[in-house]
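*Asks:* Take a look and give me a structure for this.
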Amino acid sequence: MMQHYFETARTADGARSAFTVRPIESRLAERIRATLRDDFGNVLNPITTAAPRSNPCRHCLRLTDPGERLILFAYRPFETSGPYAEVGPIFIHAEACDPYSEASGIPLDFRERPLTLRAYDARGNIHCAEVAGAGAAEEVLERFFADPAVAFVHARNPAWGCFDFRLDRASAHDSDDSHDSSTIREWVGGRGDATPV
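*Replies:* Sure thing, here's the model as predicted:
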């Protein structure tokens, strides 16, 4: 069984965050770049971005600008099967980039964008969904994760429906004030390359 590694943390103002952000895994990005084939048999060709502040990379979670090279491939951001486990297109940088590593809070480049937030239960069935306006996603996520039936949330593009990144409930260990560090590292079991256009 493969392990997903991420951090739980406090926000910049010291408040506990209800969620952690998870980009696609580095080993998946590396394999796509090396083979130029995705898990669904597509032969991939790098393209060059023309539009400013567009086509976010799902590995570093940064919007791209004209001249940056990207790979578009098919991705299934689920670790369960079922009718909601759809496949869709996502971009990554064609050249190596650092994975997104902030422990909590919406990634900076996505805070200026409206986001569709879809909450799922542990079986991968959709539980609720909402379109959050620019700057409003964290408020919606706090409410979603207050519901114990919600296991994880996908952030997606409201117009295209493409997957952007996954959000997981913050570790219960983060509520333990005996920890001196502002971040608590945790191993979480997972399966396959799927995590979170």
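*Asks:* show me what contacts the residue most central in space within the chain?
*Replies:* Residue closest to the mean C-alpha point of the chain, counted by C-alpha atoms, centre = their mean, is residue 165 at 1.9 Å. Going by C-beta atoms under 8 Å, 6 or more residues apart in numbering, residue 165 touches 21-23, 58, 61, 100, 107, 110, 154-155, 196. From N, CA and C alone the C-beta is placed, and that goes for glycine too.
*Asks:* In the residues you listed, find the pair that's most separated.
*Replies:* Maximum pairwise distance in the contacts of residue 165, criterion C-beta to C-beta, is 15.2 Å, between 100 and 154.
*Asks:* would the residue nearest to the centre of the chain count as being in a strand?
*Replies:* Yes. Under DSSP: H, G, I helix; E, B strand; the rest coil, residue 165 sits within a strand.
*Asks:* Check it and give its pLDDT.
*Replies:* pLDDT recorded at residue 165 is 98.
*Asks:* On the strand side of things, show who it bridges to.
*Replies:* residue 155 (DSSP bridges).
*Asks:* same deal with residue 89?
*Replies:* Beta-bridge partners recorded for residue 89 (DSSP bridges): residue 74.
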